[in-house]
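Undergrad: below are the sequence and a predicted model for it; my questions follow.
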Amino acid sequence: IVGMGVITLYSTTGCPHCRRAKDLLNKKNAKFTEINLSYNEQLRSQMVQLSGRTSVPQIFFNLDHIGGADELFQLEKDGLLDRLLRTLSEASDLDEYSPWAKLKIIAAPDDVVMSAPEDSADRKYSDLVHAMRNSETGLSIGVRKYHLRTYSRVFVGKEAVDWLIRQQKLTGGPATTRQAAVDIFNELLLAGFIHHCVHDHPFKDEELFYRFQADEDVPFLNGRKKWNDPARDPLAITKEMRKRLDVLYARHTILEDGNVTVNLNTLQEDMEFENFEICACELQTVEVEAMNTPSKLAFFINIYNVLTLHGHVVHGPPSSSYKRSWFFSNTCYNIGGHVLSLEDVEHGVLRGNRKSPGAIFRRFSSGDERTALSIPSDEIDPRIHLALNCGAKSCPPIRAYSTANIDAELNLATQAFLEGVEVDSTAQSVTLSKIFSWYKSDFGSTDLELLQWIQKHAPTKVAEQLGALLSTCSPKTPKLKWALYDWTSAGVKK
């Protein structure tokens, strides 16, 4: 182990740049303390206070701020990293050299996949359903015919009882064991995992056809089961979904030669992904119409970001303009009985039912009941564009948002994204993300108003540079340039 000083690394779950930095430190056999900011905005605020930055990772050697992953790798490239590691302080009181100890920070616990309560009637059978749907050893699911009618993706009740008795090794007399199996299947039916193919019967030990809810042809991704109970608080659901998906992405991340990829095939086959999808089914019964604007902002930003990642796992990351158009219009959740796509969430709800770039019509037509979900036009917040992540590398990073702290959280996300603004006083130009080109009207009616909005919300350094340039150019406006937008994704699906 090198030295006895303190290395502190601020990270978020699933962050590829954090993964790169941790991998390099591990290769150097350097111990470090990791502070996970994923679900604790107080920790993030304290990191900003210490580093002056809002992005992750942020790395400290003792009290010295090294920077992020790029700065760490630059030290390695310049041959300076090993020297710094060797000269870390060997003080006996290591807390003296800890930046976070001085602020009395309590680090967030490591993320773990949360198991459902054992007595949860909604989830306790997920392992059994997984075994039943195994293509090699599970139930015989396929096409059946009855009275000249064809039923697809169904299984036979009597055959299912035989399978369950063998697999669960149910004991007792024949009648007892078969009735026990029927009781289990009826619990699955009541929990929303299966149903009679035309909804005419409970589960019976007969030649009747049944179908898993997951095999229904529905236009949304959270249809693995039918949620029959009242839902919890909507923000609590999105928080659990985010945690589960974060852990899955981290588990299936591959780091090779400094490049980070996520194997979406193995992720989708992971048993915990089924548990995530069951968790997502609870959205079917949430009540969203009565939410106030802060609650809607937090809930639907979280939903958009999770739905994008969910869609990447199921459909694969879109690789062309045509595929992106299909992906954002057809990747959907059932939310409180409303089927909402990514396009619906962004433009119909969060942008107050404004037209999407290049569209002729508003997202929700007159009479569409989903218009009740739209943010009022006088409460639309352009900062949402710096919080929504469409899965591309040039998108803003994903954060968790809450009703109580939505304004501060959006401010942090905005400042972090605006750190990338490039102000060139010589060329009298400003280089911005194309997000500001696509949605310019949300930030201001002119280029000057857009730049004034950015100056108001940018971190101090960028705001000062932009303010000086605006003053120099006045009454003219600096030239706007648009950075190349990288649509590629870390996720790989074959």
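TA: Received the coordinates, thanks. Just so it is clear, the model here is predicted, and its values are computed rather than measured.
Undergrad: residue contacts, the residue nearest to Ser55 when sequence neighbours are not counted?
TA: The spatially closest residue to Ser55, leaving aside those adjacent along the chain, is Ala416, at 4.9 Å (CB to CB, 6 or more residues apart in numbering). For the C-beta atoms, the positions are set from N, CA and C on the backbone; glycine is no exception. Contacts of Ala416 were listed using CB atoms under 8 Å, 6 or more residues apart in numbering, and they are Arg53, Thr54, Ser55, Pro396, Pro397.
Undergrad: list the contacts for the fourth one?
TA: Pro396 makes contacts with His385, Leu386, Ala387, Leu388, Asn389, Ala413, Ala416, Phe417, as judged by CB under 8 Å, 6+ apart.
Undergrad: Tyr146 too?
TA: Phe209 are the contacts of Tyr146 under CB under 8 Å, 6+ apart.
Undergrad: who does it bridge with?
TA: Arg149 (DSSP bridges).
Undergrad: from Val198, how far off is it?
TA: Using CB to CB, to the nearest Å, one gets 10 Å for the distance from Tyr146 to Val198.
Undergrad: using the three-state scheme, assign the residue nearest to Ser55.
TA: In three-state terms, and counting by DSSP: H, G, I helix; E, B strand; the rest coil, Ala416 is helix.
Undergrad: which one of the contacts of Ala416 is nearest to Cys279?
TA: Pro397 (22.6 Å; CB to CB).
Undergrad: what about the closest one, how many residues nearby?
TA: 19 (other CB atoms under 10 Å).
Undergrad: tell me the residue in the chain that is farthest from the middle.
TA: Note on the chain: the largest C-alpha distance from the chain mean falls to Gly173, namely 49.4 Å (CA atoms, centre = their mean).
Undergrad: next up, the contacts around that residue.
TA: If you count contacts by CB under 8 Å, 6+ apart, then Gly173 has nothing around it.
Undergrad: and it, how far is that from Ala160?
TA: When Gly173 is compared with Ala160 (using CB to CB), they lie 20 Å apart.
Undergrad: give me the distance between Thr150 and His195.
TA: In this structure, Thr150 and His195 are 18 Å apart, going by CB to CB.
Undergrad: and the two? Which one has more around it.
TA: Counting neighbours by other CB under 10 Å for Thr150 and for His195 shows that His195 has the greater number, 20 against 9.
Undergrad: and the more buried one, that one's in a strand?
TA: Yes: assessed by three-state DSSP, His195 belongs to a strand.
Undergrad: just the helices in the stretch 201-350 of the chain please.
TA: For the stretch 201-350 of the chain, the helices defined by DSSP state H, counting those that start in this stretch occupy 234-251, 264-269, 271-281, 293-315, 321-330, 342-343.
Undergrad: mind checking those for the one nearest to Thr431?
TA: That would be helix 321-330 among these, by CB to CB, at 22.9 Å.
Undergrad: next one: the closest one to chain centre, how far?
TA: Computed by CA atoms, centre = their mean, to the nearest Å, the chain-centroid distance of helix 321-330 equals 18 Å.
Undergrad: same question for stretch 334-342.
TA: Distance of stretch 334-342 from its chain centroid, counting by CA atoms, centre = their mean, is 17 Å.
Undergrad: who touches it?
TA: The contact list for stretch 334-342 (CB under 8 Å, 6+ apart) reads 218-220, 222-223, 283-289, 303-304, 307-308, 311, 327-333, 348-349, 369-370, 373, 390.
Undergrad: ok so, going back, with distance to Pro202 added, can I get the helices of the stretch 201-350 of the chain in JSON lines?
TA: JSON lines is the format used below for those (distance: least, CB to CB, whole Å):
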{"stretch": "helix 234-251", "distance to Pro202": "29"}
{"stretch": "helix 264-269", "distance to Pro202": "32"}
{"stretch": "helix 271-281", "distance to Pro202": "21"}
{"stretch": "helix 293-315", "distance to Pro202": "31"}
{"stretch": "helix 321-330", "distance to Pro202": "34"}
{"stretch": "helix 342-343", "distance to Pro202": "37"}
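Undergrad: ok, which of the ones you listed comes nearest Leu480?
TA: helix 321-330 (22.7 Å).
Undergrad: list the buried residues for stretch 434-442?
TA: Along stretch 434-442, these residues count as buried under the neighbour rule (16 or more other CB atoms under 10 Å): Ile435, Phe436, Tyr439, Lys440, Asp442.
Undergrad: equivalent analysis for stretch 358-369, please.
TA: Along stretch 358-369, these residues count as buried under the neighbour rule (16+ other CB under 10 Å): Arg362, Arg363, Phe364, Asp368.
Undergrad: repeat that for stretch 8-27.
TA: 8-22, 24-25.
Undergrad: can you pull the contacts of the closest residue to Phe193 other than its chain neighbours?
TA: Once flanking residues are discounted, Phe193 sits nearest to Lys225: 4.8 Å by CB to CB, 6+ apart. Contacts for Lys225 (CB under 8 Å, 6+ apart) come out as Asp122, Ala191, Gly192, Phe193, Gln213, Ala214, Ile278, Cys281.
Undergrad: now the spatially most central residue of the chain: how far from Leu208?
TA: Centre of the chain computed as the mean C-alpha position; nearest residue by CA atoms, centre = their mean is Val306, 3.3 Å away. The span separating Val306 from Leu208 equals 37 Å under the rule CB to CB.
Undergrad: shaky segments in this structure?
TA: With pLDDT under 70 as the threshold, the chain has low-confidence stretches at 1-5, 14, 39-41, 88-124, 258.
Undergrad: swap the cut-off to 80 and go again
TA: Judged by pLDDT under 80, the chain has its weakly predicted residues at 1-6, 13-16, 38-46, 62-63, 87-125, 168-176, 255-260, 490, 494.
Undergrad: so which elements touch the helix or strand containing Ala181?
TA: Assigned by DSSP states H and E, Ala181 belongs to helix 174-190. Judged by 3 or more CB pairs under 8 Å, 6 or more residues apart in numbering; DSSP states H and E, the packing partners of helix 174-190 are helix 126-132, helix 157-168, strand 194-196.
Undergrad: turn those into JSON lines, including distance to Tyr322.
TA: What follows is the helices and strands packed on helix 174-190, written out as JSON lines (distance: least, CB to CB, whole Å):
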{"stretch": "helix 126-132", "distance to Tyr322": "34"}
{"stretch": "helix 157-168", "distance to Tyr322": "42"}
{"stretch": "strand 194-196", "distance to Tyr322": "36"}
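Undergrad: excluding its backbone neighbours, what's nearest Glu277?
TA: Spatial nearest neighbour of Glu277, excluding adjacent residues (CB to CB, 6+ apart): Arg224 at 4.5 Å.
Undergrad: next: Ser152.
TA: If the residues on either side of it in the chain are set aside, Ser152 comes closest to Val143, at 5.2 Å by CB to CB, 6+ apart.
Undergrad: mind checking the SS state of the one you found?
TA: When the structure is split into helix, strand and coil by three-state DSSP, Val143 lands in strand.
Undergrad: just to check, it is in contact with Arg149?
TA: No: with the criterion set as CB atoms under 8 Å, Val143 and Arg149 do not qualify as a contacting pair; they are 11.2 Å apart.
Undergrad: for His252, what are its contacts?
TA: Neighbour list for His252: Val262, Asn263, Leu264, Thr266, Leu267, Asp270 [criterion: CB under 8 Å, 6+ apart].
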